[in-house]
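Undergrad: attaching a predicted model along with its sequence, questions to come.
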Amino acid sequence: HEADRITSAQALVRGHLARKRATARREQVRADRCARARTWTEVFDDAAQRFVFLNACTGEQRAEPPLDGYTRHDGQLALLDGTVLEDPILVAKRERDSLLVHCIECECVPATRACRD
């Protein structure tokens with residue numbers, strides 16, 4: 001029975017570690033897809049009167065959405081798998097900014113000093 005308990009414990013640990021690795025891998029895949037989607041931006045072409053896709057790195061412009069995904073004109077990311085989501089970098093920035101104390105005059109910018117009273 002001791003061997004069975006040890007085997008069960010080992011199986012639990014292996015399962016936990018495998019789930020942890022799988023979660024990390026899914027997060028990495030999502031981060032990679034988001035990074036690729038940030039490369040292309042949907043912009044309105046006044047001359048053509050329609051949206052086109054502009055590659056920020058190369059300056060390339062195309063009419064069809066890139067297969068790797070793109071940043072929509074509303075700032076959301078359209079990913080390779082069809083998922084549309086708010087950019088995680090912007091979400092994290094908004095969360096960090098919400099923790100800051102803001103200027104009491106304009107309430108738009110972080111305060112540059114804090115009172116101790």
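TA: Yes, it's here.
Undergrad: mind listing the helices for the chain?
TA: Shown for the chain, the helices assigned by DSSP state H span residues 2-39, 88-99.
Undergrad: could you dump those to TSV with mean pLDDT and mean neighbour count?
TA: C-beta coordinates here come from the backbone N, C-alpha and C atoms, glycine included. Formatted as TSV, the entries for those read as follows, by pLDDT from 0 to 100; neighbours: other Cβ atoms under 10 Å:
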stretch	mean pLDDT	mean neighbour count
helix 2-39	94	12
helix 88-99	86	10
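Undergrad: and the ones you listed: which comes nearest residue 64?
TA: Nearest to residue 64 among these is helix 2-39 (15.0 Å), distances taken as Cβ to Cβ.
Undergrad: which secondary structure elements does that closest one sit against?
TA: Using 3 or more Cβ pairs under 8 Å, 6 or more residues apart in numbering; DSSP states H and E as the contact criterion, the elements in contact with helix 2-39 are strand 69-71, strand 76-79, helix 88-99.
Undergrad: ok, the residue sitting nearest the centre point of the chain to residue 35 distance?
TA: The chain has residue 88 as the residue nearest its centroid, 2.9 Å off, counting by Cα atoms, centre = their mean. In this structure, residue 88 and residue 35 are 10 Å apart, going by Cβ to Cβ, to the nearest Å.
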